[in-house]
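1. The following block contains a protein sequence and its predicted model.
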Amino acid sequence: MNAVEVRAGYKYYGKDKDPKIVLNRINMTVTHGSIYGLLGASGCGKTTLLSCIVGVKFLNEGKITVLGGTPGKMGSGVPGPRVGYMPQEIALTEEFSIKETIYYFGRIYGMSTERIRERYKLLRDLLDLPTGSRQIGHCSGGQQRRVSFAAAMVHEPELLILDEPTVGLDPLLREKIWDFLVETTRTSKLAVIITTHYIEEARQANCIGLMRNGILLAEDSPQSILSKYEVDSLEDAFLQLCVKHGVSDEADENLKQVDTFTSHQEPIEIEKKIDEKPSLVKNEVKRKNSIESNDSETACCSGVGDMDCNKKSLVKNLQITTKRRMKALLAKNFLQMLRQPAGMVFLTCFPIFQLVCFYVAVGGNPIGLKLAIVNDEIQNINDCMNSSLVTTHINNDTCDLNKVSCRFINQINNTVAIKYFYDTFDAAYQDAKKGKVMGVIYFAKNFTQSMADIRDEGRFANEGSFFNAEIQIFMDKSDQQLTFFLEKKLRQTYQEFAQSLMADCNYPVKLGNIPIDFEQPIYGSYDGVYTDYIAPGVVMTMVFFLATLITSTIFITDRLEGVWDRTLVAGISTTELLIAHIITQSTVMLVQCCEIVILAAFIFDTENRGDNFTVIFLLMLLGFSGMLYGLFISIFCDSHTMANFMATGSFYPMIILCGIFWPLEGMSIYLQYIAFLLPFTLPSIAVRNILAKGWSIAHASVIAGYGITVIWIVVLLTLCLIGLKIKK
Ligand SMILES: Nc1ncnc2c1ncn2[C@@H]1O[C@H](COP(=O)(O)OP(=O)(O)OP(=O)(O)O)[C@@H](O)[C@H]1O
């Protein structure tokens, strides 16, 4: 039994209708106790082939057998401890020290601490590793590569897969690594597949496969290839093979043609197929039969180690419990987090910072608003300031009014607006147009007299009196919030003015009131409600998107840096990875949610008539769905840039539609339905109702908040699982 057998391996990326073929009916055989050098230009499909061998990607067609089993199948040990994988990228946790890295991999491979210590010492000496306490992030590129190599070797795998292991290493160390591999494969069953850009160093391999545009052009021992092409170097042999296949575009074209005619292809002979298309179908039928019946014939090279590939190796006794791996993963996640001071500060302080910004910036009464006053009733505005001139005389049953406009003007204090007095209406209006003042208050020449006429003549008063007795206000309404505030204040001022006038005239004070009385509110208060209204929405969006950003950033970084694949190859399942992330992230979210609730409740005194736990639990669930949304983004976006576009692109519509900027009742009914389906519209309403109304989990509104969050969790989780499957 060979260590690795690939038969008619076919893989493409992209759509079925327009596939980008990366592996085209590849056959490959790697024997035990041998080194297989996989050579080929960048982009020819080497990494994809290796990923399929280690079981993190799958072929579209064809068959792979690794160590007697099918990668990815239960009990095959692949991915898992039977394989050692060193990806092209460094794929290590930068926050770990060298020693911690080796111990981490040892633990997830299920080794005992004693055994890890022994292996660490051996690999440290062999690879000339720097001192164990040095952090990976502080190592040079070459040192990181050596640690990466050690991590792949620590558990003495049966199959070692090394993707460009010697890049950036000095020649002496390269030689040392090759010597080590040659010696180990000679004296054990270890099979090694190695890709390298240094074609000549592959001479030391027992077998080499020359790959181009998804086809294995040749698979033979270095000596056979050299003699077959009558050249001195492998480079020249490779060159000859490439020339035979024409330039790259032609080769691509050939690939398509071959693909049309064949379902299998044999190394070296591919060039014949291209020249002899008519006979292809016949040949392929023959070949197809031979593949299944005579696997051993395709094994071009014999290893020099022990070739006994018995089934015992399938059940190699490495007892790895999920518990132990989870422990190692969790320790890694937390250590990684704790060792990033900037990240820790961000995670713990950012919610506080955002909330403090919100509370100190939103909800305060605007002050310093400028109002122009034009009073044609008096010659000199200073007359208004002399209170002895602004009087009301009571004679018998009558009340003599005097300069009533001044009463109103004096009633406007600085908390309402700062007054600027103008002589003419035109001058004031022009300044309002120029934005120097927010509005103009105008009193007509016979304002007081007109008021008295209306009072005395009632329904017989003339039209002009009604007009002149009005306080005319011209507002710059371009800033709705400010004018809303100013209008409210001016109405209050008028009420106070009218009441004081009634009191001075010995009339019932209530005569100055408009006949609508807003009684004690059922819920909430008449002051400061805006902050309380939008706070739940703000907090919800914060928790959701923080979780989204953190998760998508972590997963995309892990994928780009190869950590994701390396962890999967080490035998950690996607589910375990997700659970470890969820536990870590949930801890962070719990801290953040508690911070938010404590800050809002105790520092900023947000009214809460309900239960804190109902709020925190809903926040946590929402953060959880945000986390899944981050995972969803990370699965479907290949780069941070794309992820940021997607996160920001969805962030704004969700915030705008969730009702914190404008009441949902102001939207069309169809838009309201859409808004209700979004992740934090109903949860925001639920939290608002818990805080302001004290409603419990039994109330329909709170149930709806929880319900939609759970639905989002289920939908996103399903999409993520489907995405992870598709992406393999
Ligand atoms: N997930 C993917 N989706 C689409 N195309 C991909 C994907 N992964 C790889 N490819 C493409 O498949 C081809 C083979 O990629 P692969 O990484 O296997 O090549 P390689 O021989 O290992 O190259 P290198 O030595 O540069 O890593 C490349 O053209 C690459 O752009």
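-> Yep, that arrived. Keep in mind that this is a model prediction, so the values were computed, not measured.
2. Now do the same contact list for the residue nearest the centre of the chain.
-> Residue closest to the mean C-alpha point of the chain, counted by CA atoms, centre = their mean, is residue 552 at 2.7 Å. The contact partners of residue 552, by CB atoms under 8 Å, 6 or more residues apart in numbering, come to 630, 631, 633, 634, 637, 643, 647. Just so you know, the C-beta spots here come from the backbone N, C-alpha and C atoms, and that holds for glycine as well.
3. Distance of it relative to residue 506?
-> Counting by CB to CB, to the nearest Å, the separation of residue 552 from residue 506 is 72 Å.
4. Okay, now the unreliable bits of this protein?
-> Applying pLDDT under 70 to the chain flags residues 246-321, 387-391, 396-397, 528-529, 728.
5. Show me what from it comes close to the ligand.
-> By the rule CB under 6 Å from any ligand atom, the part of the chain lying against the ligand is 13, 20, 22, 40, 42, 43, 44, 45, 46, 47, 48, 88.
6. Which of the residues you listed fall within strands?
-> Among the residues of the chain next to the ligand, the members found in strands (DSSP state E) are 13, 20, 22, 40.
7. how many neighbours does the third one have?
-> Just to be clear, that refers to residue 22. Residues within reach of residue 22, counting by other CB atoms under 10 Å, total 24.
8. And it, how far from residue 157?
-> 25 Å.
9. Next: the second one.
-> Taking CB to CB as the measure, residue 20 falls 31 Å from residue 157.
10. can you redo the contacts of residue 552 as CSV with secondary structure?
-> Output for the contacts of residue 552, formatted as CSV (DSSP: H, G, I helix; E, B strand; the rest coil):
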residue, secondary structure
630, helix
631, helix
633, helix
634, helix
637, coil
643, helix
647, helix
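11. Most widely separated two among those residues?
-> Greatest spacing in the contacts of residue 552, by CB to CB: 631 and 647 (12.1 Å).
12. of the two, who's got more company?
-> residue 631 (26 against 18).
13. mind checking how far that one is from the ligand?
-> Look at residue 631 and the ligand: by CB to the nearest ligand atom, to the nearest Å, they are 17 Å apart.
14. before we move on, what about residue 686?
-> Separation of residue 686 from the ligand (CB to the nearest ligand atom) stands at 40 Å.
15. mind checking which helix or strand that residue is in?
-> Element membership of residue 686 [criterion: DSSP states H and E] is helix 681-693.
16. so what does that helix touch, helix or strand wise?
-> For helix 681-693, the packing partners by 3 or more CB pairs under 8 Å, 6 or more residues apart in numbering; DSSP states H and E come out as helix 529-560, helix 612-636, helix 700-726.
17. Centre of the chain to that helix, how far?
-> Put simply, helix 681-693 sits 26 Å off its chain's centre (CA atoms, centre = their mean, to the nearest Å).
18. shouldn't residue 19 be in contact with residue 11?
-> No - counting by CB atoms under 8 Å, residue 19 stays clear of residue 11, with 9.2 Å between them.
19. Looking at those two, which has the bigger crowd around it?
-> Ranked by neighbour count (other CB under 10 Å), residue 19 and residue 11 place residue 11 first, with 23 against 15.
20. That one belongs to a helix?
-> No - counting by three-state DSSP, residue 11 is not part of a helix but strand.
21. give the contact list for it.
-> Contacts for residue 11 were tallied using CB under 8 Å, 6+ apart; they are 21, 22, 23, 45, 48, 52, 57, 58, 59, 60, 61.
22. repeat that with 6 Å
-> 22, 23, 59, 60 (CB atoms under 6 Å, 6 or more residues apart in numbering).
23. what's the closest non-adjacent residue to it?
-> Spatial nearest neighbour of residue 11, chain neighbours left out: residue 23 (4.2 Å); criterion: CB to CB, 6 or more residues apart in numbering.
24. my read: that neighbour touches residue 214, true?
-> Yes - counting by CB atoms under 6 Å, residue 23 touches residue 214, with 5.1 Å between them.
25. who touches both of the two?
-> Overlap of the contact sets of residue 23 and residue 214 (by CB under 6 Å, 6+ apart) consists of residue 45.
26. Roughly how far does residue 518 sit from residue 524?
-> When residue 518 is compared with residue 524 (using CB to CB), they lie 12 Å apart.
27. So those two - more neighbours on which side?
-> residue 524 (16 against 6).
28. Please verify my assumption that that one contacts residue 693.
-> No - assessed by CB under 6 Å, residue 524 is found out of contact with residue 693, at 8.5 Å.
29. For residue 627, list the residues it contacts.
-> 547, 551, 585.
30. gap between the closest residue to it other than its chain neighbours and the ligand?
-> Leaving aside its chain neighbours, residue 627 sits nearest to residue 547 (4.3 Å; criterion: CB to CB, 6+ apart). Distance from residue 547 to the ligand, counting by CB to the nearest ligand atom: 26 Å.
31. Give me the more crowded residue out of residue 20 and residue 157.
-> For residue 20 versus residue 157, neighbours defined as other CB under 10 Å are more numerous around residue 157 (23 against 10).
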